[in-house]
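Visitor: how does the following fold in three dimensions:
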Amino acid sequence: MSYADSIKFLIAMIVMMNPLGSLSIFLQLTHRSPLKFQRQMAIRCGFSMLGFMALSVWGGGQLLDMMGITISSFRFAGGIILLLVGLSMLQSHESALNNTPEDNIAAENRESIAVVPMTLPIIIGPGAISTLVLASNDYPLFQYKLWMTVICAVLALGMCLMLYFGSSITKLVGESVIKVITRIMGMVIMALAVNMLFSGLLGLIPALR
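Guide: Numbering: from 1, shown residues only. All right, here's what the predicted structure looks like:
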């Protein structure tokens, strides 16, 4: 896994996790809670993110093999999911793949929203999981998976800090700027989705090469 590949993986994961969009949802879920509770949830989110990302890197490929799913099929399906997520972000709507308003209301009444719905499926959604599983398949050696886990730890730490200081960041950046950045990320995700769809289609139908 070269330096360029590492940067590409890092950028792809940042886009999939949609930090500013996730921050906005996190604040919606915890806006009635005291600051101490918000920060506790941010820390729990950080550990949950790292756990799920590491699980996807180290066990995602084996799970696909057990289910008899080829990597080309998974890549094609992942491309469709990313296309829907990107389109939703471009329109500034919360993806239907994420939680519903009813889920938000229920989550506010729970003791902890760190794992569900915050980590799954808001931050680590189908797009992020697809990216992790495909990357671990493309770079199956132990040292590459270990390096990807380190990158995931950096991402989890960065996201944790963003949620921890979420209220201050939102006041500093502004809601309108967050919406603009979310739309730009949506365009990037749609471009990645087209590449993933094309790559998966070539794997499923080699005659197209």
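Visitor: tell me which helix or strand of this structure sits lowest on mean pLDDT?
Guide: None of the helices or strands of the chain scores lower by mean pLDDT, DSSP states H and E than helix 101-108, at a mean of 44.
Visitor: which residues sit against the helix or strand just after that helix?
Guide: Next helix or strand after helix 101-108 toward the C-terminus (DSSP states H and E): helix 126-138. Helix 126-138 is touched from outside by 9, 12-13, 16-17, 52-53, 56-58, 60-61, 64, 71, 74-75, 77-78, 81-82, 85, 97, 145, 148, 152, 189, 196, with contacts defined as C-beta atoms under 8 Å, 6 or more residues apart in numbering. Using the backbone N, CA and C atoms, a C-beta is placed for each residue, glycine as well.
Visitor: downstream neighbour of helix 126-138 in the secondary structure list?
Guide: Of the helices and strands lying after helix 126-138 in sequence (DSSP H and E), the nearest is helix 142-164.
Visitor: buried stuff in that following helix?
Guide: For helix 142-164, burial by neighbour count (16 or more other C-beta atoms under 10 Å) applies to 144-145, 147-149, 151-152, 155-156, 159-160, 162-164.
Visitor: and it, average pLDDT?
Guide: The pLDDT scores in helix 142-164 average 97.
Visitor: ok, residues contacting that helix?
Guide: By C-beta under 8 Å, 6+ apart, the residues outside helix 142-164 that reach it are 1, 6, 9-10, 13-14, 17, 19, 22-23, 26, 38-39, 41-43, 45-47, 49-50, 53-54, 57-58, 123, 132, 135-136, 139, 169.
Visitor: relative to helix 126-138, how tilted is it?
Guide: Taking axes from the mean of the first three to the mean of the last three C-alpha atoms, to 10 degrees, one finds helix 142-164 and helix 126-138 inclined to each other by 160 degrees.
Visitor: what are the neighbouring residues in contact with the nearest residue to Ile124 once chain neighbours are set aside?
Guide: Counting by C-beta to C-beta, 6 or more residues apart in numbering, Phe52 is the residue found nearest to Ile124 once chain neighbours are left out, at 4.9 Å. By C-beta under 8 Å, 6+ apart, the contact list for Phe52 reads 119-120, 124, 129.
Visitor: how about 7 Å then?
Guide: 119-120, 124 (C-beta atoms under 7 Å, 6 or more residues apart in numbering).
Visitor: what's the angle from the helix ranked longest in the chain to helix 126-138?
Guide: Ranked by residue count, the top helix of the chain under DSSP state H comes out as helix 35-67. Helix 35-67 and helix 126-138 are oriented at 50 degrees to each other (the same axes, to 10 degrees).
Visitor: out of the contacts of Phe52, grab the one that's most surrounded.
Guide: Counting neighbours by other C-beta atoms under 10 Å, Ile124 leads the contacts of Phe52 with 29 neighbours.
Visitor: touching, it and Leu55? I think so.
Guide: No - in this structure, Ile124 is not within contact of Leu55 by C-beta atoms under 7 Å, at 9.8 Å.
Visitor: quick one on the thing from earlier: in the longest helix of the chain, which residues are buried?
Guide: 38-42, 44-46, 48-50, 52-54, 56-58, 60-61, 64.
Visitor: which neighbouring elements make contact with the very next helix or strand once past that helix?
Guide: Downstream of helix 35-67, the next assigned helix or strand under DSSP H and E is helix 71-90. Helix 71-90 sits against helix 126-138, helix 175-204, with contacts defined as 3 or more C-beta pairs under 7 Å, 6 or more residues apart in numbering; DSSP states H and E.
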